[in-house]
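# mind folding the following:
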Amino acid sequence: MPKFKIYKLHFTSPVHLGDTREDYGISLKTISSDTLYAALTSCLAKIGKQIPNNGDLGFTISSLFPFYQQDKESKAVYFLPKPLKSELPNLKDVENAKAIKKVQWIDIDDFSDFLNGKANIGDKSELIKGDYFVSKAHLIVGKDDKGKDVAFDNKFIDTKVSPRVTVSRTGQEDAIPFYMDRVYFKDHSGLFFLVEGDTKLLDIAIDILQYEGVGTDRNVGNGFFEYNKLSKSEIEINYPDDSEYVISLSMYIPENKQQLDGMLAGENVAYDFIRRGGWITTPPHISFRKNAIYAFTPGSIFSAEANQPFIQGKIHDLKPELDFDSRIEHPIWRNGKSIFIPIKL
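Below you'll find the predicted structure:
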């Protein structure tokens, strides 16, 4: 059974992850592959590491997905995104339809069955726990201090909205109140990602990033995580030997129109996409926006004959064209290379 390298991030503080609306009152619960890749690239640049001219650091990562872990010694329960193209279940109980539709994440122990076309959420609705489809083996995740079984808690990633105020720097204007939504991770839970390629630069960058933090408002203590060599491990995913379709595990930007046309050709293709851009974070250009590009989201299904995982996509420069006085001297890379895994539909 093939193995994939994974990196686990255990957050030691709450984190705010902005969405496309840039609304402080709403936070995402996961981090996209291109966002993390940009943060890692920035960390390497800060310590003077030479960034390749094409922005490729020698590895490709998936987006970050949730895992539950009771403590450092217990076994983690990993989740991967539900494929966007799923067979409609034959429901005996129509009331289960909403619960099935709500599922976003599938326990990795059952994910292989979905890849091989041997599983259906509707057939095991008793394993649905909120946004999660949990393997029967993981419904009990450990023991408490009294030796009693601890049931899987689908609120291991939760959010809390807190009031904040913006204070005038000059003191001439009134303080402006606003609300911030922050994400909290229960016990030793966190986010993980898969990696393909040479991890030498990744190890250097992530060791710095854990102290730099991710997300918004890091200067007030948001977005810090623990990472060490014990956070690196491997997981197994049993995918089909051959398939006409693949599922993406990263943000995907096609290399060209011909590549995209081929991947959209199948009748079972299913995808979602999102606009990628945002503000430049390098002084003195923080008041300028990057160029924007659209990327396909993880869980999207594309047409491609495959008998093993593969990497496809491009790294795009989002540097805007500014006047001479404001010109940016370095590229602003947005990584659209994705890990694809074969799936039978």
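# where does pLDDT dip in the stretch 101-250 of the chain?
Counting by pLDDT under 70, the stretch 101-250 of the chain shows low-confidence ranges at 168-171, 229-230.
# ranges for the strands of it?
Under the criterion DSSP state E, counting those that start in this stretch, strands of the stretch 101-250 of the chain are mapped to 105-107, 128-129, 132-133, 140-143, 149-151, 157-166, 176-185, 190-197, 225-226, 232-236, 243-248.
# could you dump the ones you listed into JSON lines with distance to Ile204 added?
For glycine as for every other residue, the C-beta is placed from the backbone atoms N, C-alpha and C. What follows is the strands of the stretch 101-250 of the chain, written out as JSON lines (distance: least, Cβ to Cβ, whole Å):
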{"stretch": "strand 105-107", "distance to Ile204": "30"}
{"stretch": "strand 128-129", "distance to Ile204": "38"}
{"stretch": "strand 132-133", "distance to Ile204": "33"}
{"stretch": "strand 140-143", "distance to Ile204": "33"}
{"stretch": "strand 149-151", "distance to Ile204": "37"}
{"stretch": "strand 157-166", "distance to Ile204": "28"}
{"stretch": "strand 176-185", "distance to Ile204": "25"}
{"stretch": "strand 190-197", "distance to Ile204": "14"}
{"stretch": "strand 225-226", "distance to Ile204": "16"}
{"stretch": "strand 232-236", "distance to Ile204": "13"}
{"stretch": "strand 243-248", "distance to Ile204": "27"}
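# out of those strands, nearest to Ile280?
strand 157-166 (21.2 Å; Cβ to Cβ).
# extract the C-alpha trace of that closest one and format it as PDB.
C-alpha atoms of strand 157-166 as PDB (Å, rounded to 0.1, in the frame of the first residue of the first chain):
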ATOM      1  CA  ILE A 157     -12.300  22.400  15.800                       C
ATOM      2  CA  ASP A 158     -14.500  25.200  17.000                       C
ATOM      3  CA  THR A 159     -14.800  29.000  16.600                       C
ATOM      4  CA  LYS A 160     -15.500  31.800  19.000                       C
ATOM      5  CA  VAL A 161     -16.400  35.400  18.100                       C
ATOM      6  CA  SER A 162     -14.900  38.100  20.300                       C
ATOM      7  CA  PRO A 163     -15.400  41.800  20.300                       C
ATOM      8  CA  ARG A 164     -12.400  44.000  19.400                       C
ATOM      9  CA  VAL A 165     -11.900  47.700  18.800                       C
ATOM     10  CA  THR A 166      -9.800  49.700  16.300                       C
END
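# neighbouring strands of that strand in the sheet, and parallel or not?
strand 176-185 (antiparallel) (DSSP bridges).
# now do the buried residues in the partner strand.
Residues of strand 176-185 classed as buried by neighbour count (16 or more other Cβ atoms under 10 Å): 180-183, 185.
# residues contacting it, please?
Residues from elsewhere that reach strand 176-185 (Cβ atoms under 8 Å, 6 or more residues apart in numbering): 10-11, 14-17, 24-29, 156-166, 217, 222.
# try stretch 204-220
So stretch 204-220 is contacted by 7, 9, 13, 15-18, 24, 27, 31, 35-36, 39-41, 43-44, 46-47, 49, 57, 180, 222-227 (Cβ under 8 Å, 6+ apart).
# may I see the ChimeraX selection of the buried members of those?
Buried residues within the contacts of stretch 204-220, by 16+ other Cβ under 10 Å, are selected in ChimeraX with:
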select :7,9,13,15,16,17,18,24,27,31,35,36,39,40,41,43,44,57,180,222,223,224,225,227
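# one step back: of the buried residues of strand 176-185, just say which sits nearest to Leu139.
So of the buried residues of strand 176-185, ranked by how close each gets to Leu139 (Cβ to Cβ), first place is Phe185, at 20.0 Å.
# hey, what's the closest one bridged with?
Taking DSSP bridges as the rule, Phe185 bridges to Ile157.
# state the number of residues packed around Tyr211.
Tyr211 has 11 neighbouring residues, counting by other Cβ atoms under 10 Å.
# ok, now Asp174?
The burial count for Asp174: 9, using other Cβ under 10 Å.
# swap in Asp198?
11.
# so what's it up against?
Per Cβ under 8 Å, 6+ apart, neighbours of Asp198: 58-59.
# in stretch 256-272, what's buried?
263, 266, 269-271.
# oh, that last question was meant for stretch 209-222, not what I typed.
209-210, 213-218, 222.
# equivalent analysis for stretch 153-172, please.
Buried, per 16+ other Cβ under 10 Å, within stretch 153-172: 153, 156-157.
# just curious, which of those residues is nearest to Asp71?
Phe156 (12.7 Å).
# dihedrals phi and psi, the nearest residue to that closest one once chain neighbours are set aside?
Spatially, and ignoring its direct neighbours in sequence, Phe156 is nearest to Lys186 (4.2 Å; Cβ to Cβ, 6 or more residues apart in numbering). With angles defined as degrees, to the nearest 10, Lys186 sits at phi -80, psi 150.
# show the contacting residues for Lys186.
So Lys186 contacts 68, 153, 155-158 (Cβ under 8 Å, 6+ apart).
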